[in-house]
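Asker: return atomic coordinates for the entry below.
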Amino acid sequence: MSEKISPISPADSASNWEELFECALLERDPVAREQRVQNAKDAIMDRIEDSFDTASGQESRLLLAALNTISELQRVVKDDDLRRPGPAQTFGHPA
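Answerer: All right, here's what the predicted structure looks like:
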């Protein structure tokens, strides 16, 4: 059973985007993972917006890499969901 995922305020999310990103990557429960991925993506975008003029080159690259990783994770999960057989495919052809 997965723990309840609490919403994080935008002010908090931008400052702890790395923690949210890590939680999204490690989540095994598909339902919880979807929410964690969205939380991480939102936090990364908030941090990008908050630090647009002040971020170092290294932080900017790190944020972009994290955002790309989250996008790729969403794509892979979506592809897996599309390939997963539904009930009709699992139990044969309908009569």
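
Asker: low-scoring stretches of this structure, by residue?
Answerer: 1-14, 85-95 (pLDDT under 70).

Asker: so where's the longest helix in it?
Answerer: Taking DSSP state H as the criterion, the chain has its longest helix at helix 57-83.

Asker: buried sites along that one?
Answerer: Buried residues in helix 57-83, counting neighbours by 16 or more other CB atoms under 10 Å, are found at Leu62, Leu63, Ala66, Leu67, Ile70, Leu73, Gln74. No exception for glycine: its C-beta is placed from N, CA and C like everyone else's.

Asker: next, the residue nearest to the last one when sequence neighbours are not counted: secondary structure please.
Answerer: Excluding its sequence neighbours, the residue lying closest to Gln74 (CB to CB, 6 or more residues apart in numbering) is Val37, at 6.0 Å. Per DSSP: H, G, I helix; E, B strand; the rest coil, the secondary structure class of Val37 is helix.

Asker: of the buried residues of helix 57-83, which is the nearest to Asp50?
Answerer: Of all these, Asp50 sits closest to Leu63, with 10.4 Å by CB to CB.

Asker: my guess is the closest one contacts Ile48, does it?
Answerer: Yes - the pair Leu63 / Ile48 is scored as a contact, 5.3 Å apart, by CB atoms under 8 Å.

Asker: shared neighbours, those two?
Answerer: Listed as contacting both Leu63 and Ile48 by CB atoms under 8 Å, 6 or more residues apart in numbering are Ala55.

Asker: got the contact list for the spatially most central residue of the chain?
Answerer: Nearest residue to the geometric centre of the chain (CA atoms, centre = their mean): Val37, 1.7 Å. By CB under 8 Å, 6+ apart, Val37 lies in contact with Ala24, Glu27, Ile70, Leu73, Gln74, Val77.

Asker: redo that, cut-off 6 Å
Answerer: Residues near Val37 by CB atoms under 6 Å, 6 or more residues apart in numbering: Ala24, Ile70, Gln74.
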